[in-house]
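Student: Give the three-dimensional model of this entry:
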Amino acid sequence: MPKESGRKVVATNRKARHEYHIGDTFEAGLALMGTEVKSLREGRANLTDGFATFYGDELWLEAVYIPEYLNGSWTNHSARRRRKLLLHRAELTKISHKTREAGFTIVPLQLYFLDGKAKVEIALAKGKREYDKRQALREAQDSREALRAMREKNLG
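Tutor: Take a look at the predicted model:
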């Protein structure tokens, strides 16, 4: 059986880019159970409510929903259990120093397989205010309208 190669995206947290100003991003490995990997290979996961926190000097991913594997037995995992993130010590130190600053949190952006290994892209993020969200939506709408007007002008 040939080994997997390339990147296969399982889940994306689209809400994170709307709710937060995204800063530095990191790629972290995940310590998973066998049934979790099988469930992910079926393309089933939800990152919407997920976040990461430190317990001691380890980083853990919480509130990420990976549903139970349908063909699993008594060895099945719980859907929202805490999962350990695997990062280099220097990256963990940098992240912990940043999160000590006021307003920073760690959010998962994307869950994917890279050459057969489960990875998660996490980001240091700062929460947006309500007016920031409205302004971002307004800018996106204005750029869409400008593109639409230019397209109509070129066609006409």
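
Student: Could you tell me how far the host helix or strand of Ala123 lies from the centre of the chain?
Tutor: Here Ala123 sits within strand 117-127, counting by DSSP states H and E. Distance, stretch centre to chain centre, for strand 117-127: 5 Å (CA atoms, centre = their mean, to the nearest Å).

Student: What of stretch 94-107?
Tutor: The answer for stretch 94-107 is 16 Å, by CA atoms, centre = their mean.

Student: what's the span of that stretch from first residue to last?
Tutor: Using CA to CA, to the nearest Å, the gap from the first to the last residue of stretch 94-107 comes to 15 Å.

Student: Any buried residues in the helix or strand harbouring Lys84, and which?
Tutor: Assigned by DSSP H and E, Lys84 belongs to strand 83-86. Of all the residues in strand 83-86, those buried under the rule 16 or more other CB atoms under 10 Å are 83, 85. Any C-beta I mention is one placed from the backbone N, CA and C, and that applies to glycine too.

Student: Show me what counts as buried in the top helix by length along the chain.
Tutor: Counting residues, the longest helix found in the chain (DSSP state H) is helix 130-155. Applying a neighbour-count criterion of 16+ other CB under 10 Å, helix 130-155 contains no buried positions.
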